[in-house]
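S.K.: need a 3D model of the sequence below.
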Amino acid sequence: MSVLLRFLRSAWELVIGAAADAFQWLRKPGSKIKLVCAVLAFGCLVSGLSAYEKEQRIRDLSAQVVKVKADWKADAERLQADVDTRDQRLAEVAASLRAEAVKLEALKAESAAALQALAGRIESSEKDAATWRGRYEQRPDTCKAALELLDSACPALNGY
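M.R.: Numbers count the residues shown, from 1 in each chain. Just a heads-up that it's a prediction; the model follows:
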């Protein structure tokens, strides 16, 4: 333990001694090395401050880049969610249009069947009307005379 204490004490004296010698040397006027050291120290100070300022700019720019990336990622996620929502809505609309198309086809088939039935009824009624007209045209003379008599008796009901 005493060896360690002696070592630490001698190291301390060495550091303090070197600092004291440097301080004394700096106090002597007219040394060219002092002028060179002062210029170098000033240059180091300026370059150190310049490097510190650039590092601060780099940190600020890095922070801005990180923020822009985060904003971009959030915008991309929001836009993707909007696209997904739109796709879902389009799928719903497409499904409802398909359902409506199926209903329309069913209604077209029903309408075609109704038109077919109506055409059959029209044809049947035309046949019945033609048959009746034929029978009416072939009515006996006594029927014609009775109708003329009815026309003269009830003029408001003529034309049958």
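
S.K.: contacts, neighbours, all on C-alpha from now
M.R.: Fine.

S.K.: so for the helix or strand encompassing residue 146, mean pLDDT?
M.R.: Taking DSSP states H and E as the definition, residue 146 sits inside helix 141-153. Averaged over helix 141-153, pLDDT sits at 80.

S.K.: report the buried residues of that helix.
M.R.: Neighbour counts over helix 141-153 (16 or more other Cα atoms under 10 Å) mark no residue as buried.

S.K.: who are the packing partners of that helix?
M.R.: Of the remaining helices and strands, none touches helix 141-153 by 3 or more Cα pairs under 8 Å, 6 or more residues apart in numbering; DSSP states H and E.

S.K.: then stretch 38-47 to CSV, C-alphas only?
M.R.: Below are the C-alpha coordinates for stretch 38-47, written out as CSV (Å, rounded to 0.1, in the frame of the first residue of the first chain):
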residue,chain,number,x,y,z
ALA,A,38,0.3,31.1,-29.3
VAL,A,39,-0.5,31.1,-33.1
LEU,A,40,-1.0,27.3,-33.0
ALA,A,41,-3.2,27.6,-29.9
PHE,A,42,-5.3,30.3,-31.6
GLY,A,43,-5.6,28.2,-34.7
CYS,A,44,-6.6,25.2,-32.7
LEU,A,45,-9.2,27.3,-30.8
VAL,A,46,-10.7,28.6,-34.1
SER,A,47,-10.7,25.2,-35.7
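
S.K.: got any ranges where this protein has weak pLDDT?
M.R.: 30, 158-160 (pLDDT under 70).

S.K.: and if we set it to 90?
M.R.: Filtered on pLDDT under 90, the chain yields the residue ranges 1-39, 41, 128-130, 132-160.

S.K.: helices of that one, start to end?
M.R.: Taking DSSP state H as the test, the helices found in the chain are 2-27, 32-137, 141-153.

S.K.: the first one to helix 32-137, inter-axis angle?
M.R.: When axes from the mean of the first three to the mean of the last three Cα atoms, to 10 degrees is applied, the directions of helix 2-27 and helix 32-137 differ by 100 degrees.

S.K.: list the helices and strands helix 2-27 packs on?
M.R.: Counting by 3+ Cα pairs under 8 Å, 6+ apart, helix 2-27 packs on no helix or strand.
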